[in-house]
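**Q** return atomic coordinates for the entry below.
(2 chains)
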Number of protein chains: 2
Amino acid sequence: MCIPAADTPIADRELSITRDIDAPPEALFRCWTEPALLEQWFCPRPWRVTDAELDVRPGGTNAFVMHGPDGERFPNRGVYLEVVPNRRLVLTDAFVNAWEPSTKAFMVTTITFEPLPSGGTRYTATARHWSADDRDQHDRMGFHEGWGACADQLAELATSL
Amino acid sequence: MCIPAADTPIADRELSITRDIDAPPEALFRCWTEPALLEQWFCPRPWRVTDAELDVRPGGTNAFVMHGPDGERFPNRGVYLEVVPNRRLVLTDAFVNAWEPSTKAFMVTTITFEPLPSGGTRYTATARHWSADDRDQHDRMGFHEGWGACADQLAELATSL
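**A** Just a heads-up that it's a prediction; the model follows:
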């Protein structure tokens, strides 16, 4: 009950990418929240996603399976923390269900869809970690390349809807 | 993005106490959610609590300061995950605000207030941890003695309301 308050600034524990995408927030939100759409873009190719289960409400499950080109198979499970339709999603792998702790609280993902005067969207994906070590590991794992490739795939799909 | 799914059973990561208390769920819920009441029972005496800030809604802040008899001072911050008036509270120290990760995701606390036919309440407090190590450490820190003493203080206050 007596855990000291946080003292490592959150700025040292986050990673973020931003893209201006030529599709409206509504299209991007659909790509994030409809399983048949999410499975088309959510992993950098040749990796792919199956079995998306997206119960898009606070406390709802966010689950999917990632498949690698050499038969790798990584099930992922998380929970939505906040849902603002067409504007904002917050989710985390810290829970496998509402509110059962996972075995590793790695990150909170915040996605914002900001409408632009052009009709497009400023898309920002931010990963906030519980530790600076996890942030650094995520950076070395290729956060910017991976999430960047995903954002390109997302843009391609959203502009085709 | 590729964190394997949880595989340590949650049963091995939780600690729990249950008490039948001769006060209605409404009184116990008040003791948990009104700052002036919480400060009277929330720490085993001679420890005490001040500066309780209880924004009792999902995503709301749960903050307070614990003071020890030798001048120890431990600020605590957390967030409510679920609020069912007079029945259930879920909160965690994994966030310092909605939804900023703390520097340590230690536990999720679930409190249930189950009405008994007598008019009293079956009160259950459960701490679920992200790791078995944290659960074991919490056990060694005196979870049962500490939370038990708090439950006694809670019962004393609730029956006096």
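**Q** for chain B, what's its nearest residue on chain A.
**A** Per CB to the nearest CB, residue A:105 is where chain A lies closest to chain B, at 3.7 Å. C-beta here means a position set from N, CA and C on the backbone, and glycine is covered the same way.
**Q** tell me where chain A has helices.
**A** A:25-33, A:35-41, A:132-140, A:143-160 (DSSP state H).
**Q** in JSON lines: those, plus mean pLDDT.
**A** What follows is the helices of chain A, written out as JSON lines (pLDDT from 0 to 100):
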{"stretch": "helix A:25-33", "mean pLDDT": "98"}
{"stretch": "helix A:35-41", "mean pLDDT": "98"}
{"stretch": "helix A:132-140", "mean pLDDT": "97"}
{"stretch": "helix A:143-160", "mean pLDDT": "97"}
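**Q** from residue B:114, how far off is the residue with the shortest distance to the centre of chain A?
**A** Closest to where the C-alpha atoms of chain A average out (CA atoms, centre = their mean) is residue A:109, at 5.0 Å. Distance of residue A:109 to residue B:114, given as CB to CB, to the nearest Å: 35 Å.
**Q** that older thread, does the residue of chain A closest to chain B touch residue A:94 like I think?
**A** Yes: counting by CB atoms under 8 Å, residue A:105 touches residue A:94, with 3.7 Å between them.
**Q** could you name every residue contacting both of these two?
**A** Shared contacts of residue A:105 and residue A:94 (CB atoms under 8 Å, 6 or more residues apart in numbering or on different chains): A:130, B:94, B:105, B:130.
**Q** ok, the second one - contacts?
**A** Going back to what we said before, that points to residue B:94. A:94, A:105, A:130, B:78, B:79, B:101, B:102, B:105, B:106, B:108, B:130.
**Q** on that earlier part again, quick one: the residue nearest to the centre of chain A from residue B:64, how far?
**A** To residue B:64, residue A:109 is 29 Å away according to CB to CB.
**Q** correct me, but residue A:110 touches residue A:90?
**A** Yes: contact criterion CB under 8 Å: residue A:110 and residue A:90 qualify, at 5.0 Å.
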